[in-house]
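Student: Give me coordinates for this.
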Amino acid sequence: MTLLQPAVVNFSREPHSVELRDIPVPIIGPDDVLMEVSAVGVCGSDLHQWTSEHSWPVNYPVTLGHEFAGVVHSLGANVKNYQEGDRVCSETAAVINPDSPMSRVGRYNLDPSRKGFGYGVDGAMTHFVRVPARCLHRVPKSLPLRMAALTEPCCVAYSAVVANVSIAPGDRILVLGPGPIGMLCAAVARLRGAEVGVVGLPRDNERLKLAKQFNCEPLFSDQAADWARSRDGLGCEGIVDAAGVSATLKVAMELVRPDGWISKVGWGRDPVGFSLDPLVQKNVQLQGSFSHTWATWERVLHLLASGALNVNHIVGGTWGLHDWHTAFETMHSGKIAKSVLEVKPEDN
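Tutor: Numbering: from 1, shown residues only. Next comes the predicted model:
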């Protein structure tokens, strides 16, 4: 008999083609574990697939969810480093070619054949998910699983402002976009000693209030230029484009100082429609930032467990799996920065 479980499934490219469906509990291979999901974060990319505003290929139908943590339920025959009951979270690179040139130099996140949870293979908005053991990280005892589920977006932010660019104490960094990734980029930049401003639109007012929780300056878009140029008129050392629309790259080029950098972490499916010559004129580094690697996960888990990086600030509410639609709607409205689905809340 095939065991079934409820799952939040994206079944078509048509807008709002997401529903709760019964799917089979996955069968694991020899190098996998079956994880019982405790909590899963709702990512902006989940919302983009829900509204069909995404720019990446999706393997329909697919269970959403790539930010998750839980407990090892059962082990494949080759898995030696974990035991049933271990508290774990998972990286997102569910399928890679271990022999590709990028994987062999440790950059498996950039392997062209990579497929991630929630778009390439079934994700974690369900009760049990199959996870390659190589993706797992142990969750420190002091870190609740509902917070460990948000390790992934923290790793995205860490890559965008630590692994891929250089920030010196006292640098001025402007973050465009007050979504979860933007806020976490701001928080990590503050940990590096930067002075940080976070820019949003009037409709982002509630999210912008969170900037102060991370000791950052909340700014509306009409205030950004004055803040960026207030020190010497030349702009900011670094701009993080986390807005998720193509047009913000033009703003970034205007407000970055000569010989500065732009870290583009937000996706934008539309053509830019403007000249990139300011990058040349200012001698500016334009850095794309995608995904993360094992070392980043280990560092971020330490930051979360120690309290140096507090993701509680961005969580606006938690819902059960069957209330996924409310969680999506509430986050999409801009009323909160982050929704979390607690599939099986951890005993405290």
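Student: Okay, and the beta partners of Leu34?
Tutor: Ser74, Arg130 (DSSP bridges).
Student: and it, how many neighbours does it have?
Tutor: Neighbourhood size, Leu34 [other C-beta atoms under 10 Å]: 19. For the C-beta atoms, the positions are set from N, CA and C on the backbone; glycine is no exception.
Student: With Glu19 instead?
Tutor: Glu19: 13 neighbours (other C-beta under 10 Å).
Student: any idea which element it lies in?
Tutor: strand 18-24 (DSSP states H and E).
Student: Just the buried positions in that strand, please.
Tutor: Using 16 or more other C-beta atoms under 10 Å as the burial criterion, the residues of strand 18-24 that qualify are Val18, Ile23.
Student: Can we start the residue count at 48 from this point?
Tutor: Happy to do that; since the first residue is 48 now, the last one works out to strand 65-71.
Student: quick one: average confidence on that strand?
Tutor: Mean per-residue pLDDT for strand 65-71: 98.
Student: element containing the residue nearest the centre of the chain?
Tutor: Among the residues of the chain, the one closest to the centroid is Pro200, at 2.8 Å (C-alpha atoms, centre = their mean). Assigned by DSSP H and E, Pro200 belongs to helix 198-205.
Student: I'd like to know which elements that helix is packed against.
Tutor: With contacts taken as 3 or more C-beta pairs under 8 Å, 6 or more residues apart in numbering; DSSP states H and E, helix 198-205 sits against strand 114-122, helix 227-238, helix 341-353.
Student: how far off helix 198-205 does the first one point, in degrees?
Tutor: Strand 114-122 runs at 130 degrees relative to helix 198-205, counting by axes from the mean of the first three to the mean of the last three C-alpha atoms, to 10 degrees.
Student: now the helices: where do they sit in this protein?
Tutor: For the chain, the helices defined by DSSP state H occupy 91-98, 148-151, 192-195, 198-205, 227-238, 252-255, 271-275, 295-302, 324-328, 341-353, 371-379.
Student: Would you mind splitting this protein into its domains for me?
Tutor: Domain assignment of the chain by automatic domain parsing yields the ranges 51-201+339-389, 212-335.
Student: one step back: nearest to Asp146, out of the helices and strands packed on helix 198-205?
Tutor: Closest approach to Asp146 among the helices and strands packed on helix 198-205 is made by helix 341-353 (17.7 Å; C-beta to C-beta).
Student: Residues touching the helix holding Pro200, excluding its own?
Tutor: 88, 90, 113-116, 136, 138-139, 184, 227-228, 231-232, 234-235, 312, 336, 338-339, 343-344, 346-348, 350-351, 356, 358 (C-beta atoms under 8 Å, 6 or more residues apart in numbering).
Student: same thing with stretch 122-139?
Tutor: The contact list for stretch 122-139 (C-beta under 8 Å, 6+ apart) reads 75-82, 113, 115-121, 163-165, 171, 178, 180, 182-186, 188, 192, 195-196, 198-199, 338-339, 341, 344, 348.
Student: Near Pro108, how many other residues are there?
Tutor: Residues within reach of Pro108, counting by other C-beta under 10 Å, total 16.
Student: Ignoring the adjacent residues along the chain, who's closest to it?
Tutor: Leaving aside its chain neighbours, Pro108 sits nearest to Phe58 (4.0 Å; criterion: C-beta to C-beta, 6 or more residues apart in numbering).
Student: Next, the contact list for Leu296, please.
Tutor: Counting by C-beta under 8 Å, 6+ apart, Leu296 makes contact with Asp288, Ile309, Lys311, Gly315, Val319.
Student: same thing but 7 Å
Tutor: If you count contacts by C-beta atoms under 7 Å, 6 or more residues apart in numbering, Leu296 has them with Asp288, Lys311, Val319.
Student: Please convert the buried members of these into PyMOL selection syntax.
Tutor: The buried residues among the contacts of Leu296 can be selected in PyMOL (16+ other C-beta under 10 Å) with this line:
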select buried, resi 288+311
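Student: and which of the contacts of Leu296 is nearest to Gly280?
Tutor: The closest of these to Gly280 turns out to be Asp288 (C-beta to C-beta; 21.8 Å).
Student: was I right about that closest one contacting Ile309?
Tutor: Yes: between Asp288 and Ile309 there is a contact under C-beta atoms under 7 Å: 6.1 Å.
Student: Quick one: closest of the helices and strands packed on helix 198-205 to Asn330.
Tutor: It is, among those and with distance given as C-beta to C-beta, helix 227-238, at 21.7 Å.
Student: can you list the residues that contact the closest one?
Tutor: Helix 227-238 has contacts (C-beta under 7 Å, 6+ apart) with 91, 200-201, 203-205, 207-209, 214, 220, 222, 243, 245, 257-258, 261-263, 287, 289, 312, 355-356, 361, 384-385.
Student: Filter those residues down to the ones in strands?
Tutor: Judged by DSSP state E, the subset of the contacts of helix 227-238 located in strands is Ile220, Val222, Val243, Val245, Val287, Lys385.
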